[in-house]
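Enquirer: Generate coordinates for the sequence data below:
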Amino acid sequence: MKQHSYTSAIRWTGNTGEGTAHYRAYTRDWEVAVPGKPVIPCSNDPLLGGNKGLMNPEDMLLSALSGCHMLWYLHLASDAGIVVTAYEDAPEGTGELEPGGAARFVKAVLRPRITLKPGADMARAEAIHHEIHKVCFIARSVNFPVEIQPVFTVEA
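Expert: Residues are numbered from 1 along each chain as shown. A predicted model of the protein is given here:
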């Protein structure tokens with residue numbers, strides 16, 4: 001098997017001068033820095049004291065799952081001779097918080113809205129969605145169910 005390697009640099013930026021002297025002494029802000037790419041300012045989930053204006057790990061996981069699905073859809077559609085002219089998604093993840101404070105995703109729903117050129121094989125366009133989780137790096141890596149609810153439009 002061929003292996004791929006990915007790197008990232010995570011840096012906490014929330015030291016307000018006291019470090020972690022007490023729970024409210026610091027912010028949950030941090031950055032993702034991948035060499036050669038823009039830095040992404042992040043925080044914790046707002047329910048856990050994070051900055052609601054910044055991306056959090058849950059946002060990034062859901063976005064990565066949706067983005068991977070989209071990229072594989074475009075690839076497989078192209079291979080199948082289906083011309084996609086627009087693709088948008090509004091994914092939603094459902095999390096669960098246990099009494100002790102541990103949390104996890106229990107499911108995700110992807111809702112891609114896809115515009116196709118006239119003459120597209122609609123049955124094949126739909127079927128592609130069910131093939132993606134066999135190959136998508138992110139989907140194959142998560143341990144929760146992912147439901148796909150596509151909506152198709154054909155250009156006039």
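Enquirer: Without its sequence neighbours, what residue ends up closest to Val34?
Expert: Of all residues beyond its chain neighbours, the one nearest Val34 is Ser8 (5.3 Å), with distances taken as C-beta to C-beta, 6 or more residues apart in numbering. In this view, the C-beta of every residue, glycine as well, is placed from N, C-alpha and C.
Enquirer: which residues touch that neighbour?
Expert: Contacts for Ser8 (C-beta atoms under 8 Å, 6 or more residues apart in numbering) come out as 32-34.
Enquirer: repeat for Glu18
Expert: By C-beta under 8 Å, 6+ apart, Glu18 lies in contact with 25-26.
Enquirer: ok, the residue nearest to Val34 to Ala86 distance?
Expert: Counting by C-beta to C-beta, to the nearest Å, the gap from Ser8 to Ala86 is 30 Å.
Enquirer: likewise His129?
Expert: Taken as C-beta to C-beta, the span from His129 to Ala86 is 16 Å.
Enquirer: Just the ones in strands from the contacts of Ser8, please.
Expert: 32-33 (DSSP state E).
Enquirer: Just the buried residues of the contacts of Ser8.
Expert: Among the contacts of Ser8, those scoring as buried are Val32 (criterion: 16 or more other C-beta atoms under 10 Å).
Enquirer: Does anything pack onto the longest strand along the chain? Which helices or strands?
Expert: Counting by DSSP E, the longest strand found in the chain is strand 103-110. Under the contact criterion of 3 or more C-beta pairs under 8 Å, 6 or more residues apart in numbering; DSSP states H and E, strand 103-110 touches helix 57-79, strand 92-97, strand 146-148.
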